[in-house]
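> Return a 3D structure for these sequence lines:
(2 chains)
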Amino acid sequence: MLGLPIAPPQASTTAWQVDALALFMLLVSLLIAGGIFLSIVVFCVKYRRRPGNDIGQPAKRTAPLEITWTLVPMALAAVPFVWGALIYLSEARPPADALEIYVVAKQWMWKAEHPTGQSEIDALHVPVGRAVKLTMTSQDVIHSFYVPAFRVKTDVLPGRYTTLWFQATEAGDYRLFCSQYCGTDHARMIGQLTAMTPGDYAAWLTSGSTATDSPAAQGRKLFLQNGCVACHETGLAPNLQGVFGQPVILSDGSTIVADESYIREHILTPGRKVVYGYQPIMPSFAGRLTEDDLVQLLAYIKSIGSSP
Amino acid sequence: MSAIAIPRRHRTYLAVDYTIRSWLLTTDHKRIAVLYLVSITLMFLVGGLAATLMRLSLLSPTSALVDSETYNKLFTMHGVVMVWFFLIPSIPSVLGNFIVPLMIGARDLAFPRLNLLSWYIYLVGAIFTLFALVNGGVDTGWTFYTPFSTSASTTNVEAVAAGIFILGFSSILTGMNFIVTIHRLRAPGLTWFRLPLFLWSTYATSVILVLATPVLGIALLLITAERILHVGFFDPALGGDPLLFQNLFWFYSHPAVYIMILPGMGVVSELIATFARKPVFGYTFVAMASVAIAVLGFLVWGHHMFVAGISTHAALMFSALSYLVAIPSAIKVFNWTATLYRGAITLHTPLLYALGFIGLFTIGGLTGLFLASLGLDVQVHDTYFVIAHFHYIMVGGMVMAYMGGLHYWWPKLTGRMYSEMWGRIAAVVIFIGFNLTFFPQYILGYLGMPRRYVVYPPEFQTLHVMSTAGASILAVGYFLPLVYLLLSLRLGKLAGPNPWGATGLEWQTSSPPPKLNFPTVPVVTGPPYDYVGRAAGR
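Numbering: from 1, shown residues only, chains lettered A, B, ... in the order given. Have a look, this model is predicted:
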C-alpha cells in the first residue's frame, strides 16, 4: 500500500512464525468478512422493499443452520489457538545454553549488563545466531521490553524477574521500545538493539572501554562488602554453593525452588520464608541494595550454583 | 394557549409542564432519558476534544502541539470520559431508559425515583471527574496501572478515582432498576420469549453492571488507600503485588467491554427486524447469545495480561476462553445477516447505521481473534493494533448502534422526523471517516508503534497523518447529526405514532408518548416482529 511496509523486518527465529500466523488469520478473516459483506449487499439489493415485497418472509427451520455456524467457528478457532499457543510456549522456554544478559529498567531508560562485564544504556548488542536470554526487572514502575523486528515483548516488573529470549537472524539495528505506559517520558524510553555477526560481537566485547568485572565478580564483591560471608560461609546460614535452581525446604515444611524471585525476596525480606533448620537472623537489605546490586548478587549466586 | 384545552393526563410527556423544576425533579423515565441524552452528549464533546488535540499533535513525530505531560493527560481524559461517562451510560441510560418501559407496556421503570437518583449520581461523578481532569489533570491512563498510579504519579489520581467510584453507583442502580423492571412490569401476555431482543441484551447488560462495577469500586478504593495511607496492596516496595491491580481492574473492565457492546447488539436486532420487516433469524439463539456473552465475559480478563508475566497455564486457559466468548458474537452476526435474506428492506438512516455496525463490529471482532492468539498477541499487545481493535468495537460498534437507535427512536422521543437525506449522508460520512481513522492504526500496530506515545520514530508518520485526516472526516460526520437533529425539533415533519411501520408496543402509543405511556394497559398476544401476523389482521 503506497509502498509502505505492513510488517517490521523479520530479524529473529520467531519473526517468520508470527508473520505466518498473522497472514493465516488475515486470509481467514478476509474470507469471513468478505462473505458477510457480500451477503449484506446482495440481500439489500435483491430483497429491497417494493410492490409485491412489502413484508419479509419469516425463516422456517433455523436450528440446523444455527448449530452449523456455532460448531464450525468453534472448530476453526482451534487453529489459531493451538498455533499461537505453540509460538508462545516456545517463547516462554529459553534454550539452556542461551547467553544470559541482565536488564534493569527505570523511568525512562534501559540498562543492560553482559555476562562479561560490559554494561550499556538504551542500547543492547547481541550476536546473531545465538539464543539470548534476558533476565529483567524494574527499579520503579512497570515497563515492557519490546523489539518489533524480533516479535518479542515482555513486561518488566518491579519486585520480580521476568525473562524473554530471542535468537537474532539478521545483523542490523532495530528499535527497542518501552510498550507499557510508565509516565512522562514513556515515549522517549526507546533504545537501539544491534544484532552483530559473532565475529563483530566478539570484537565489540573486547573493544569496549565500559567493560568492568563480570556481574558475577561484582556480585562476589558485594557479597564480601555486605558481610554475607560472615554467615553464609561459616555455617550459621546455608552455604549457597549449588543452591540456585534447587528445591529448598522452608521452616513451615513447604518446599520452594530457589529461583531469581526467591533469592531477591529473601535478600529484601529474609524473615518471610526461612530455610528449615536455620534461625531467622538475617537482616533485611531493603533500601541498602540497588536493583543493579541485586542483579549482580544474583549473578554471583547463579555462578556458584553449578559448582559442586 | 390552546394546549390548555387538552386534559393534563393526555398531554405528551414533553408538554406536561415546561418549567426547569419539572425537568430536574422529574421521575418520568422519558424525561430522565432526555437528561441523560444532554449530559452524555456534552461528555462526548469533551472526550472528542481530547481526541482531536491528540490526533493533531500526532501529525508530527516530534509532537506538533503538546508536551509529554499534556499528551499523557489528554489520553487519560479521553479514555476516562469516553468509557465511563459516555459509552457505558450511552445506550442503557439514554435509549434504555426511554424505551424499556415502552417496549414492555409499562408506565415507568420499577423505581422511578431511584432512576432520577442515578442521573444525579452520574452528574456528581461527572462534575467531580471533569473538575479534577481540567484542574491539573491525571496522567495514569484510564487503566490506572500500579505501581505507577499509586507510587509514581503526582497528579489528581484520588479525585478522578473518587469521581469514577461515585459514577459506579449510578451504573449499579440503573442496572438493578432494569432487572427488576423487566422481571416485574411486563404487560400481560409478554412472556420472556416474546420480549424484543433489545430487552434481552439490556437484561444481560444490567446483570454485568450490577456484578462487575463493585470490583472496579474496590480496585479504585485500594489505589486511594495505598496513595494516602501507604498500605501496600500493589507496590512491591510496600510489600504489594503490582499484578493484583491488573487482575482486579480487568475483572471489571473486560465485562465492561460487553456493557459497551451488548446494548448495541440489542439495538441492531431491533433495527434489522424493522427495516427488513421480518422476525430476527434464530431469535432464541440471538437472545441466548446475549446471556452467554454476559457469563463468559467474566472469564476472559487474563487476556489483557499475556505479556505481563502470568503463568503459561493461565495464559492458555484465557486464550481458549477468549475464543469461546467470540462464538456468541459470531452467532449474532450470522443471524443478522440471515435476517436480511428474504426481507423487505428499506435503507433508511437507522438501518444504514445498523449495517455499518455489522461491518465494523465484524472487523473489530475478527481482529480480536488475532489478539486472543497467544503468539500473535505478544507482537501487537500495547500497540496501535489494540487501539484500532477496541475502537472498531466501541466506536464502530457501540457508537454506530447508539446513533442508529437514536435516529430510530427520535420520532418517538420528539414526535418529529429528521431530514432523511442528511441522516443518510451523515451515516455514510461517519462510516468512511471511521475506517480512514482507525484502519491505518492496525498497520501501525503490527509495525510496532506502541500506544500512548507523544513522540514516535519518523517511519510511522505517514500512517499517523492518514489517521488524522480520517479523523477530521469523522468529526464532520459527528457534527452533522447535532445540527439536523436539533433543527428537526422545529422544522421536522410530525412523525405520527408509527413512522417506520414497526411492530412493538412502543409504536402503539402516540409520539411523543403521554406521561403514563399508554392510555390503557396493552395486552400482548403474539411473538415479536410478527409482520405476517399483523398483515393478516392477527
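> count of residues packed around residue 108?
I'll assume chain A. Look at residue A:108: counted by other CB atoms under 10 Å in any protein chain shown, it has 19 neighbours. Where you see a C-beta, it was placed from the backbone N, CA and C, and this is true even at glycine.
> sorry, should have said chain B
21.
> count of neighbours near the closest residue to it other than its chain neighbours?
Once flanking residues are discounted, residue B:108 sits nearest to residue B:29: 5.1 Å by CB to CB, 6 or more residues apart in numbering or on different chains. Residues within reach of residue B:29, counting by other CB under 10 Å, total 25.
> Could you do the one 4 residues further on as well?
When neighbours are counted by other CB under 10 Å, residue B:33 registers 22.
> Check residue A:63 too.
Neighbour tally, residue A:63, other CB under 10 Å: 10.
> Can you tell me how far it is from chain B?
Remark: distance between residue A:63 and chain B (CB to the nearest CB, to the nearest Å) = 8 Å.
> Repeat that for residue A:53.
5 Å.
> In contact with the nearest residue to that residue once chain neighbours are set aside: list those residues for me.
For residue A:53, ignoring the flanking residues on the chain, the nearest one in space by CB to CB, 6+ apart is residue B:344 at 4.9 Å. Neighbour list for residue B:344: A:47-49, A:53-56, B:276-278 [criterion: CB atoms under 8 Å, 6 or more residues apart in numbering or on different chains].
> Same question for residue B:36.
Each residue near residue B:36 by CB under 8 Å, 6+ apart is listed here: B:89, B:93-94, B:97, B:119, B:122.
> could you redo the last one with a cut-off of 7 Å?
Going by CB atoms under 7 Å, 6 or more residues apart in numbering or on different chains, residue B:36 touches B:89, B:93-94, B:97, B:119.
> any idea which element it lies in?
Using DSSP states H and E, residue B:36 maps to helix B:29-57.
> now residue B:97
Here residue B:97 is assigned to helix B:97-104, by DSSP H and E.
> Got the domain ranges for chain A?
Domain ranges of chain A: A:1-44+A:94-212, A:215-303, per automatic domain parsing.
> any idea which of those domains is most buried?
Of all the domains of chain A, domain A:1-44+A:94-212 has the most neighbours on average by mean count of other CB atoms under 10 Å in any protein chain shown, namely a mean of 19.
> where do the strands sit along the stretch 101-250 of chain A?
In the stretch 101-250 of chain A, the strands defined using DSSP state E, counting those that start in this stretch lie at A:109-113, A:119-121, A:123-127, A:131-138, A:143-147, A:152-156, A:162-167, A:172-178, A:191-196, A:247-249.
> what's the least confident stretch among those strands?
Mean pLDDT is lowest for strand A:247-249 among the strands of the stretch 101-250 of chain A, at a mean of 87.
> strand partners of that strand, parallel vs antiparallel please.
strand A:255-257 (antiparallel) (DSSP bridges).
> For the helix or strand just after the partner strand, name the packing helices and strands.
Scanning forward in sequence from strand A:255-257 by DSSP H and E, the next helix or strand is helix A:260-268. Contacts defined by 3 or more CB pairs under 7 Å, 6 or more residues apart in numbering or on different chains; DSSP states H and E place helix A:260-268 against helix A:291-303.
> Output the set of residues of the stretch 51-200 of chain B in proximity to chain A.
Residues of the stretch 51-200 of chain B lying near chain A by CB under 7 Å from any CB of the partner chain: B:68-69, B:72, B:141, B:145, B:147-148, B:152.
> What's the ChimeraX line that selects buried ones from those?
Those of those that count as buried under 16 or more other CB atoms under 10 Å in any protein chain shown are selected in ChimeraX with:
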select /B:68,72,141,145,147,148,152
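> just the residues of the stretch 51-200 of chain B next to chain A now: which is nearest chain A?
residue B:148 (4.1 Å; CB to the nearest CB).
> need the contact list for that closest one.
The contact partners of residue B:148, by CB under 7 Å, 6+ apart, come to A:141-142, A:182-183, B:140.
> any weak-confidence spans in the chain?
Defaulting to chain A. A:1-3, A:208-211, A:306-308 (pLDDT under 70).
> Chain B, not that one
Checking chain B against pLDDT under 70 turns up B:1-9.
> okay, the residues of the stretch 51-200 of chain B next to chain A in TSV with secondary structure next?
Formatted as TSV, those follow (DSSP: H, G, I helix; E, B strand; the rest coil):
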residue	secondary structure
B:68	helix
B:69	helix
B:72	helix
B:141	coil
B:145	coil
B:147	coil
B:148	helix
B:152	helix
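> mind giving me CSV with the residues of the stretch 51-200 of chain B next to chain A and columns for distance to residue B:332?
Converted to CSV, these look like this (distance: CB to CB, whole Å):
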residue, distance to residue B:332
B:68, 42
B:69, 42
B:72, 37
B:141, 31
B:145, 32
B:147, 40
B:148, 37
B:152, 42
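> Closest to residue A:87 out of the residues of the stretch 51-200 of chain B next to chain A?
residue B:145 (25.8 Å; CB to CB).
> Confirm for me that residue B:196 is in contact with residue B:270.
Yes. Using CB atoms under 7 Å, residue B:196 is in contact with residue B:270, at 6.2 Å.
> More neighbours: these two, which one.
Higher neighbour count among residue B:196 and residue B:270: residue B:270, with 30 against 26, using other CB under 10 Å.
> ok, residue B:422 touching residue B:480?
Yes. At 6.3 Å, residue B:422 counts as touching residue B:480 under the criterion of CB under 7 Å.
> what residues are up against residue 94?
Picked chain A for this. A:131, A:133, A:163, A:165.
> that's the other chain; I wanted chain B
Contacts of residue B:94 by CB under 7 Å, 6+ apart are B:33, B:36-37, B:40.
> Tell me the most packed of the contacts of residue B:36, by neighbour count.
Counting neighbours by other CB under 10 Å, the top entry in these is residue B:97, with 29 neighbours.
> Please give me every residue in contact with it.
Contacts here follow CB under 7 Å, 6+ apart; on that basis residue B:97 touches B:29, B:32-33, B:36, B:115.
> From residue B:127, how far out is it?
Distance, residue B:97 to residue B:127, using CB to CB, to the nearest Å: 20 Å.
> And for residue B:410, nearest residue in space, chain neighbours not counted?
residue B:418 (6.0 Å).
> cool, residue B:283 as well?
Closest to residue B:283 by CB to CB, 6+ apart is residue B:197, at 7.0 Å.
> What are the boundaries of the helices in chain A?
Taking DSSP state H as the test, the helices found in chain A are A:15-46, A:63-92, A:198-207, A:215-225, A:229-232, A:260-268, A:291-303.
> and what of the stretch 151-300 of chain B?
With DSSP state H, counting those that start in this stretch as the criterion, the stretch 151-300 of chain B has helices at B:157-184, B:197-229, B:242-259, B:262-276, B:283-296.
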